[in-house]
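Chemist: Sequence first, predicted model second:
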Protein chains: 2
Amino acid sequence: MAMILTILHIFGLVTMGFSGLMTTCLITSYWAGDGATSAFSQGVLVTFLAGALLFFPSLRVPKKVSRQTGFLLVAITWSVTPVFCTLPLLYYFPGMSFVDAYFEVTSGLTTTGATVMSGLDQLPMSINLWRHELNWIAGMGIIIFAVAILPILGIGGMQLYIAETPGSVKESDLPPRIAQTAKALWMVYAGISVACILSLKLAGMSWFDAVCHAFAAMSLGGMSTHDQNVGFFNSLPIEIVLTVFQLVAAINFATHFVAIRKLSFKPYAVDMEARSFLALVLGSCVLAASVLWQNGTYADFWTALRHATFNLVTIATDCGFATQDFNQWPIFVPMWMLFLSCLSASSGSTGGGIRMIRTIILLKQARLELFKFIHPQAIRPLKIGEHVINNAIVTSVTGFIFLYFISIVILTFTLLLSGMDFVSALSAVIACFNNAGPGLNQVGPATNYASLTDFQTAVCSFTMLLGRVQIFSIVILFLPEFWKK
Amino acid sequence: MAMILTILHIFGLVTMGFSGLMTTCLITSYWAGDGATSAFSQGVLVTFLAGALLFFPSLRVPKKVSRQTGFLLVAITWSVTPVFCTLPLLYYFPGMSFVDAYFEVTSGLTTTGATVMSGLDQLPMSINLWRHELNWIAGMGIIIFAVAILPILGIGGMQLYIAETPGSVKESDLPPRIAQTAKALWMVYAGISVACILSLKLAGMSWFDAVCHAFAAMSLGGMSTHDQNVGFFNSLPIEIVLTVFQLVAAINFATHFVAIRKLSFKPYAVDMEARSFLALVLGSCVLAASVLWQNGTYADFWTALRHATFNLVTIATDCGFATQDFNQWPIFVPMWMLFLSCLSASSGSTGGGIRMIRTIILLKQARLELFKFIHPQAIRPLKIGEHVINNAIVTSVTGFIFLYFISIVILTFTLLLSGMDFVSALSAVIACFNNAGPGLNQVGPATNYASLTDFQTAVCSFTMLLGRVQIFSIVILFLPEFWKK
Ligand SMILES: [K+]
Ligand SMILES: [K+]
C-alpha cells in the first residue's frame, strides 16, 4: 500500500512537470495565434490538476524507493504519461482516435518519431512544437536513465558503466550522485542542442524549424515539421549539419561530458563504443553508396554517397529522418540500415536497440567460445580495453539480447497474424523496438503509420515502450515472482 | 604432415565406402535397364580408385586423431565427399553444371532435400535411388555424429548428453564405446526404416516409392521421386504414415533405443526434448489450421487441419516434403513453420537447426535472468529435469545460438546483395541452414532452387554444410588460432 502511494506521489510530480512543459506550448500558441490555445489550456489544466491530486495527498508517504517500486514506477510513468500528453491533440482534433493520439505521443516520448499524422506542414506551430518538445525532453530523460539509473538496476549488463561514468554511482550514496550526474549530463545535452539550433539556422532553416529539428536530432527522435521530412529542405548543408549532430547524439553523453571538461578528443578514442560505432556506420555509408551507384539508383557516386549517408546514418542512429524513399532502393541497403539500427547506438546516448557495448561483448564472447573450442584447457578472460568483464555481466548481456530477439519474434508474428505482410511487419517491429521510426513497405519513409488498424497501432505503441525501457522493466511485471512478497 | 596423411587415410576410407553405396545404384540401374548404367559404372570406378589412392599409401600413418585433425576431417569429409557423389549426375546429364550437381548431392548428404532438378518423375530409377540413398545414409551418419561424436567435441553444449546416452561415452574409452553406440543406433534406425517402408507400401505406394520416401522421411531429408512431391499421391493414409514417421525421426534416436530395449513408452515421457517438441508442433498444427480456416484458405476445418498438419510437421521437423503450395497461405502460417524449423528437432535426431534442448536451455536461462533481476541475491541453478546444467554448458549454448543467428544474418545479406528479394533470401537461408528444404517465394514449395544464379546456388550449398556440421566445425577453420601450433 505504501508502495502504491509512493508511486502515485512520484508519478504526480512527473505529471505536474509535463503540465509545465505543456505550458510552453500554450504560450507559443498564444504568441503565434495559431488556434490551439484552447486545446493547450485545457490540457495544462487537466494535467496539472491530475498531477497535483496525485502528488499532494501522498506528501507524507515514505520516499524510499525499493527495487520493486522502482520497476513499477518506470513502467507506469512510461505507459501512463502519454495519456496526459495526448490531451492537446485530442482537444485540437476532435476526430482523432485515442489509439492514434497515444501512438503519436508515445512515439514522441520514446524518441521513436514515427507518426500517424499527415499535413504536418499545416499544423499549428504549437502542436508541432509539442511533438518536438516530447522528443527533446524524453531524450534528456533517457540519457539520465541510462547513465545514472540503469547501472544501479543492473539491466542487461549495464552495471559495466558504474566504474566509468562521471560522478560514478554506488547504491549507498545514491541521491546526491544521481543529481550531480543528471546536472552534468543536462548541461552537455542542452549545450550541444543550442549548438545544433545555431548550426541549422546558419545552414538555412527558419528559427522554428531549427529548434524543432535540433530537438529531433539531439534526442534521435526524428520528428519533423514537414510531411516530406528533411527531404523538404533539399539542402546539402542542412543534411551535413544533421548528420554530424545525429552522430554526436548516438555517442555516450558521459563521453561528451569528459571530452568537454578536458577539452580533448582523447575520450572518444578511448571509448570503444564510439570508435566501433563510427567505423561501422561510416564504412556502411560507403558500402551502401557503392550498391546504389552500381545498381544505377543514382547516376553518379557522389549523389549516391550523399543520399546513402544521410538516410543510413539517420536510421543507424535510430533517429529516423528521411530525405529519400529508401523503400525503393535495392533491398540490401534498407535492410542493412534496419540491421544497423538494432545495434549501432551507444549506451548512454539517446539511441535505442541493443547498444554497441552489448554487441561488442557478445561478439567477443562468441570469439572466446570459438577459441575455447580449439583450446579447451586455456583460460582467457573477456576484456573490453583494460577492463575484464566478469561472467555475470556476460550472462546479463546474452540474456538481454535473447529477450530482445524473442520480443521481436513474438511482436512480428502478432502483426503477421493481424494480416500485415512480412516485410512491413518485421520492419515496423524493428523500427519501433529500436525507437528508430520509419520501416519499409506499408510503414516506409514515403508513407507513415496511419494506414495501420487500431490493433496494429496499439501493438506498435507497446513495442516502442518495450524497446525504450530496455524490455526488462516491463517484462518482469508479467512474472508471478514480481508480485510475491 | 602426419595430420594431413591421417586425414587423407580416413577420407579415402569414406570415399571407398561411397563407391560401395554407388554400386547399389549401378546394380539397380542394370536390373531396371534405366539407361544410367554407364554413368554409375564410371562413377563407381573413379570414386573407388580415388578412395583407394588416398587410403592405401597412408596405411602406416598414426591413426590417433587429435582434436584439430578431427575438425579438419569433419570439414573436408562434408565438403569434398559431395564432389565424388556428383559423378553419376554429371556423367548422366552432360549439360548439368558442377555447381548445380554439387548443390543437389550436398542437399542429399546434408538431408536438406532441396533440389535444382525437375522432371523427377521421368528420371532413371537409379538416379532417384541415388538421391534418396544419400539422404538415408547421411541421416545414419548424422545420428552417430550427434550422439557419439558431438558430446566429446563439446559442440555448443552437447556434452550435456554424455551422461544420458546409451553406452555413455567418455573420452578415455572412446573406440569400443563409439562402435557399440553406433551399432545400437544403426539397428534402431534401420529397423524403424523397414517399418516405414512397409507402412508406406500398405498405405498404397509402389515398393520403389515406399523405399525412397521412407529413406527421405527417416533421414528427414524430404527428397521425393515426384515434382509434385508427396502432393502427387493425394492420399490421406500416406500423409498420416509420413507424418508419424517424421515425428519419430525428429526425436532423439537414443531415446528410441532405450524405449525399444525396455519395451516402454516411459523414456519418451522422461525425454524433455521429445515432450516439448510434440506439444509445440501439435499445438502449432491446431493454430495453423485455425488460421487457414478463418482466412477461408480451405472451406472446412478438417481439410485445413489435414493440410496444416502435414505441411507444418514436415517443415518443423526439417524434413521438407510438401503437399500444398503453402507459399500461397496467409503469411503467418509459413513464417511460423519456418520459425519452428529453427528449433523443433531433437538433438540426436536427423533434424537440423538449433535443436530443442538448446532452445529449452536458452528459455530457462532467460527466465532465470529475469528472476535474478527481481531477487539479485537469490541463487537458483538451471535445471533440466533432475540435472543441474552448469554455467559452461549454458555459455556454450548461448554461444552456439549467437553464431547460428549471426550466420543467418550474414548469409541473408549475401543473398540480398546478389539481388534476391528479402523473403526469398531469408527463407532460403533458414531452409538450407536448418536442412529443411523448401523456402518461400522464389524457392517456395511450388518451385525449386533451379532459378538461382550459380553464385546464389553456391551460397545455399555452403549454408547447408554449415548448418549440418553445427557451424563450429567449419567456422573455426577461419580462425588464425586453429592453424597455430
Ligand atoms: K527515432
Ligand atoms: K530436409
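Modeler: Done, it's in. Ligands and ions are numbered 1, 2, ... in the order given.
Chemist: Can you name the residue of the stretch 151-300 of chain A nearest to ligand 2?
Modeler: In the stretch 151-300 of chain A, the residue that lies nearest ligand 2 is A:V291 (32.8 Å; CB to the ion). The C-beta positions use only the backbone N, C-alpha and C, and glycine is treated the same way.
Chemist: correct me, but that residue touches A:F332?
Modeler: Yes: the pair A:V291 / A:F332 is scored as a contact, 5.8 Å apart, by CB atoms under 8 Å.
Chemist: hey, what's in contact with both of those two?
Modeler: Common contacts of A:V291 and A:F332 (CB atoms under 8 Å, 6 or more residues apart in numbering or on different chains): B:L417.
Chemist: and these two? which has more neighbours close in?
Modeler: With neighbours defined as other CB atoms under 10 Å in any protein chain shown, A:V291 and A:F332 compare such that A:F332 has more, 24 against 19.
Chemist: Now for that one: which residues touch it?
Modeler: Contacts here follow CB under 8 Å, 6+ apart; on that basis A:F332 touches A:V291, B:F413, B:L416, B:L417.
Chemist: burial measure for A:G43, as a count.
Modeler: Using other CB under 10 Å: A:G43 sits among 27 other residues.
Chemist: Which residue, neighbours along the chain excluded, lies closest to it?
Modeler: A:L87 (3.8 Å; CB to CB, 6 or more residues apart in numbering or on different chains).
Chemist: is it true that that neighbour touches A:L45?
Modeler: No: judged on CB under 8 Å, A:L87 makes no contact with A:L45 at a distance of 9.2 Å.
Chemist: If you count surrounding residues, which of the two has more?
Modeler: Between A:L87 and A:L45, A:L87 has the larger neighbour count (other CB under 10 Å), namely 23 against 14.
Chemist: when you scan stretch A:271-287, is anything in it near chain B?
Modeler: No: judged by CB under 8 Å from any CB of the partner chain, stretch A:271-287 and chain B are separated, with a smallest distance of 9.4 Å.
Chemist: Give me the contact list for that stretch.
Modeler: Residues contacting stretch A:271-287 (CB under 8 Å, 6+ apart): A:247, A:250-252, A:255, A:268-269, A:305, A:308-309, A:312-313, A:316-317, A:336, A:340, A:344-347, A:355-357, A:359-360, A:384-385.
Chemist: coming back round to it: just send the contacts of A:F332 back as CSV, with secondary structure and pLDDT too.
Modeler: Shown next, in CSV, are the contacts of A:F332 (DSSP: H, G, I helix; E, B strand; the rest coil; pLDDT from 0 to 100):
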residue, secondary structure, pLDDT
A:V291, helix, 96
B:F413, helix, 97
B:L416, helix, 96
B:L417, helix, 95
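Chemist: Which one (most neighbours) among the residues you listed?
Modeler: Of the contacts of A:F332, with other CB under 10 Å as the count, B:L416 tops at 23 neighbours.
Chemist: In this structure A:V313 contacts A:L247, no?
Modeler: Yes: counting by CB under 8 Å, A:V313 does reach A:L247; the two are 6.5 Å apart.
Chemist: Can you give me the pLDDT of the residue of the stretch 151-300 of chain A at minimum distance from ligand 1?
Modeler: Residue nearest to ligand 1 within the stretch 151-300 of chain A: A:G222 (3.9 Å; CB to the ion). pLDDT for A:G222: 92.
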